[in-house]
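J.: the sequence and its predicted three-dimensional model are supplied below.
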Amino acid sequence: MIDAVTHIYFDEAPGQTRVVFIRGNDKGVLALQDVMPDTIVEIWHRRWDMPSLIGTVHFARIEQLFIAQNRATAQLHDGTAISVRLRAKDRPASGDIRAVTITAAPREDKSWQAVLGARLVSPYGILLPASSGVFRSNRFSASDNGKAQEAMIKTILPDDFGFIMRSSANALSVDAMEADVKALLHAWQMGTKVPSGQMHMASAPCLIHDGGGLTGQVARHAPHAQVIDAHETTAKQYLAIMLDEVIDDAMQTKVPLPHGGQLWCQRTNALWAIDVDSAGYNSPKANDMIPYLLMDAVPEIIRQVRLRAMGGAILVDMPRMASKAGKTVLAQFSEACAGDPRHPEIMGFTRGGLLEMRVPHGEQTLPDVMADRIAQCALAGLRLVAHRIALPPAPTEIKLAVSAPVAKWLSSEGSSACAALDRPLRPVVLSDVAPDAPAYIIN
């Protein structure tokens, strides 16, 4: 389950790139027409007007400390405000210039999230520039393979680097782990602006490492997945439409299960809640329905966690079951989570019988991405325009019917996207439509 993502597709259009992580049956060539909605497990949204900082490393100026909350506020070189998580041993002072790594997007009016120290992360390990030592994560089980991996890492790691072995590294051979460590070292050396040996000399905020850009971040997130190279316009349109449908479905509270029953996924300010509802489930054994229901529900729960980019506390309400069955369910969840590079932690059952999970925050949640309805309508319109231009004969000018707010967005935040089109775009403003009405091509 570690390599749950087998293929990646870049849905590129003016204004936004959507990165699609796909769970195929086999590694190798996968045609776009063979991609089904339920094989899409994760989508990244990268807007041109809102660059992602996740994975980038900076020198930041510490501004204010909140010791009781293990937090500090800081500022990057361009004035961007960030919130830095502190460990018990971290004691920076206001005004200090410290290396930080951005780990999560803003949410609920909060700043970009960061941790102290420079790091590059893969599903199997964490490279620590300007550090030393090889460590195992708390969930790394003791094994002879782990000892062999640790010994190997010590032989290839430069003196000014440290490394943390993540729990999923247990499934790798020593050779595969060596390749992962070398890939992280290469990625750091290719993108660093400040040599690791000079990182203690910082006197002002600046960028240390750009994270490798989108391509590098994707390669580290799913290192063994193959990129689908699509050339046919109709195939690209097919997947773009499917993506829109998958996103629309993931925005719904109700998630139907294959053999009846459903999940109910809801977010509050404090946590995500998922309810496993057996109503309508067609069980092959009426007296033993729960195990069969959970065989469908558990993989879909984990898929929804990734697809919606859920983070923080997640509580799952499932039908009552015996303690032995509960242990089986915990094992099912652990196995299903093995393919998520964020390494969700299965906390167990609460006294009230709810299964508790904790997932590190990362990408912006899908509801937050789609909450900017004006921008999303404009970006959908730009995808339509790009597809129309790709189908000959393309008109010399594209007329796009839009609402007034969408037209305003296209002329401001979306101006660079419009300029990237191969044909002039002329928005035609409709006065009698809702602000987030879908755009459509007139000619």
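T.: Structure's in. What do you need? Keep in mind that what you see is a predicted model, and the values were worked out from it rather than measured.

J.: ends of stretch 46-66, what's the gap?
T.: Between the opening and closing residues of stretch 46-66 we find a distance of 32 Å, counting by Cα to Cα, to the nearest Å.

J.: how far off centre is that stretch?
T.: Mean C-alpha position of stretch 46-66 versus that of the full chain (Cα atoms, centre = their mean, to the nearest Å) differs by 16 Å.

J.: could you check that stretch and say which residues are buried?
T.: Burial within stretch 46-66, assessed by neighbour count using 16 or more other Cβ atoms under 10 Å, is assigned to 46-48, 50, 52-62, 65. Backbone N, C-alpha and C define where each C-beta goes, glycine included.

J.: now Asp288, what's its secondary structure?
T.: On the three-state scheme (DSSP: H, G, I helix; E, B strand; the rest coil), Asp288 is labelled helix.

J.: so how many other residues sit close to it?
T.: A count of neighbours around Asp288, defined by other Cβ atoms under 10 Å, yields 10.

J.: so what pLDDT did it get?
T.: At Asp288 the predicted local confidence, pLDDT, stands at 72.

J.: what about it, distance to Thr56?
T.: When distance is defined by Cβ to Cβ, to the nearest Å, Asp288 is 51 Å away from Thr56.

J.: strands of the stretch 51-200 of the chain, start to end?
T.: When assigned using DSSP state E, counting those that start in this stretch, the strands of the stretch 51-200 of the chain occupy the ranges 57-66, 71-75, 81-85, 97-104, 112-116, 120-121, 125-129, 133-136, 161-165.

J.: can you count the residues close to His224?
T.: As a burial measure, His224 scores 13 neighbours (other Cβ under 10 Å).

J.: could you do Pro392 as well?
T.: Burial of Pro392, expressed as a neighbour count using other Cβ under 10 Å, amounts to 6.

J.: element containing it?
T.: With elements taken from DSSP states H and E, nothing contains Pro392; it lies in neither a helix nor a strand.

J.: check contacts around it.
T.: Taking Cβ atoms under 8 Å, 6 or more residues apart in numbering as the contact definition, Pro392 lies against nothing.

J.: what's the answer for Leu116, then?
T.: Applying Cβ under 8 Å, 6+ apart, one finds that Leu116 lies in contact with Val84, Arg85, Leu86, Arg87, Asp90, Pro92, Arg98, Ala99, Val100.

J.: in a markdown table, list the residues you listed along with pLDDT and distance to Leu294.
T.: What follows is these, written out as a markdown table (pLDDT from 0 to 100; distance: Cβ to Cβ, whole Å):
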| residue | pLDDT | distance to Leu294 |
| --- | --- | --- |
| Val84 | 98 | 39 |
| Arg85 | 96 | 34 |
| Leu86 | 96 | 39 |
| Arg87 | 90 | 37 |
| Asp90 | 88 | 41 |
| Pro92 | 92 | 46 |
| Arg98 | 96 | 46 |
| Ala99 | 96 | 44 |
| Val100 | 97 | 41 |
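
J.: looking at those residues, which is nearest Ile274?
T.: Lowest distance from Ile274 to these (Cβ to Cβ) belongs to Arg85, with 25.7 Å.

J.: my guess is Gly353 contacts Pro319. True?
T.: No. Look at Gly353 against Pro319 with Cβ atoms under 8 Å: they stay out of range, at 9.5 Å.

J.: hmm, back to that, so which of the strands of the stretch 51-200 of the chain comes closest to Val359?
T.: In terms of Cβ to Cβ, the element of the strands of the stretch 51-200 of the chain nearest to Val359 is strand 97-104, at 10.8 Å.

J.: hey, C-alpha coordinates of that closest one in PDB?
T.: The C-alpha atoms that make up strand 97-104 are tabulated as PDB, following Å, rounded to 0.1, in the frame of the first residue of the first chain:
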ATOM      1  CA  ILE A  97      16.900  35.100  12.100                       C
ATOM      2  CA  ARG A  98      16.100  31.400  12.000                       C
ATOM      3  CA  ALA A  99      15.700  28.800   9.200                       C
ATOM      4  CA  VAL A 100      12.200  27.600   8.700                       C
ATOM      5  CA  THR A 101      10.400  25.200   6.400                       C
ATOM      6  CA  ILE A 102       6.800  25.900   5.200                       C
ATOM      7  CA  THR A 103       4.700  22.900   5.900                       C
ATOM      8  CA  ALA A 104       1.000  23.900   5.400                       C
END
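
J.: what residues does that strand touch?
T.: Residues lying outside strand 97-104 but in contact with it, judged by Cβ under 8 Å, 6+ apart, are 53-62, 74, 82, 84-85, 92, 112-119, 130, 199, 202-205, 208, 311, 360-363.

J.: on that earlier part again, closest to Ala390 out of the contacts of Leu116?
T.: Among those, and counting by Cβ to Cβ, the member closest to Ala390 is Val100, at 41.6 Å.
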